[in-house]
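# got a sequence here, can you model it:
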Amino acid sequence: MKILLVEDEEKLASALKRGLEMQGYTVDIVSDGKKALTRVSLHRTDYDVVILDLMIPSMDGYEVCKEMRAQNVTVPILVLTARAETETKVKLLLAGADDYLVKPFSFAELAARLRALMRRPTESLPEVLKSNDIALDPSTRRVSRGESEIPLTLKEFGLLEYFMRNPGKVVNRDDLLNHLWDFNYVGFSNVVDVHVKNLRRKLDREDPESVLETVRGVGYRLRA
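Next up is the predicted model:
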């Protein structure tokens, strides 16, 4: 899924982005509070989680968190802080943060907390997503159809997870591009169609009717 990382320490931000992308996430980086608030306000449906450092320029993490909630932005927020006092933690939670992580932290703990946050969508979803005979487990990154396991690339897995979280809904190409590629993506315009074609080929196998329906001129729909 897609993450907005708000962190002004360049080395830490780069290391986290690299690690998270290896886990299959798409990551955008913003280095100051005001830019982060603007980005989230304008693109609130593009992100699944915001990782927000507490001490950032122009507007600190506490104020960003508080203002996001005031604007009814509901995306989960995980705050990174070097301050371990109970008072700070309580203040962050009251401002609208969903979780916090005290620096220094292990990447394994960060990844585990992100997975926990993503299991708390607005509408409760099971840990293993299922649609007809397709099953997808976000925690193990395994996909199967019937009794057969299907190996997918990170982008194919991300596409399928997005479709399975929106079964029966028409998903347009811009939504997929915004959700699964980072904000600065520059590349060929049919990148979504190419990945969907590859995903469809792996899922369908011998089935004459594809589980991924093309809605001409709009996008795609997973047959529910």
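# can you map out the helices along the chain?
In the chain, the helices defined using DSSP state H lie at 10-22, 33-42, 61-70, 86-95, 107-118, 154-164, 173-180, 191-204.
# list the buried residues for the helix or strand bottoming out on mean pLDDT in the chain?
Within the chain, confidence by mean pLDDT, DSSP states H and E is lowest for helix 173-180 among all helices and strands, at a mean of 83. For helix 173-180, burial by neighbour count (16 or more other CB atoms under 10 Å) applies to Arg173, Asp175, Leu176, Asn178, His179, Leu180. C-beta coordinates here come from the backbone N, C-alpha and C atoms, glycine included.
# from Arg165, how far out is the third one?
I take that to be Leu176. Look at Leu176 and Arg165: by CB to CB, to the nearest Å, they are 12 Å apart.
# for the last one, same thing?
With distances defined as CB to CB, the gap from Leu180 to Arg165 amounts to 12 Å.
# any idea how the chain splits into domains?
Per automatic domain parsing, the structural domains of the chain span 2-118, 129-222.
# most tightly surrounded among those domains?
Among those, ranked by average contacts under mean count of other CB atoms under 10 Å, first place goes to domain 2-118 (a mean of 17).
# average model confidence for that domain?
When pLDDT is averaged along domain 2-118, the result is 92.
# before we move on, what about stretch 139-158?
Model confidence over stretch 139-158, given as mean pLDDT, is 89.
# with distance to Gly219 as new columns, can the helices of the chain be given to me in CSV?
Converted to CSV, the helices of the chain look like this (distance: least, CB to CB, whole Å):
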stretch, distance to Gly219
helix 10-22, 24
helix 33-42, 21
helix 61-70, 28
helix 86-95, 37
helix 107-118, 23
helix 154-164, 10
helix 173-180, 5
helix 191-204, 8
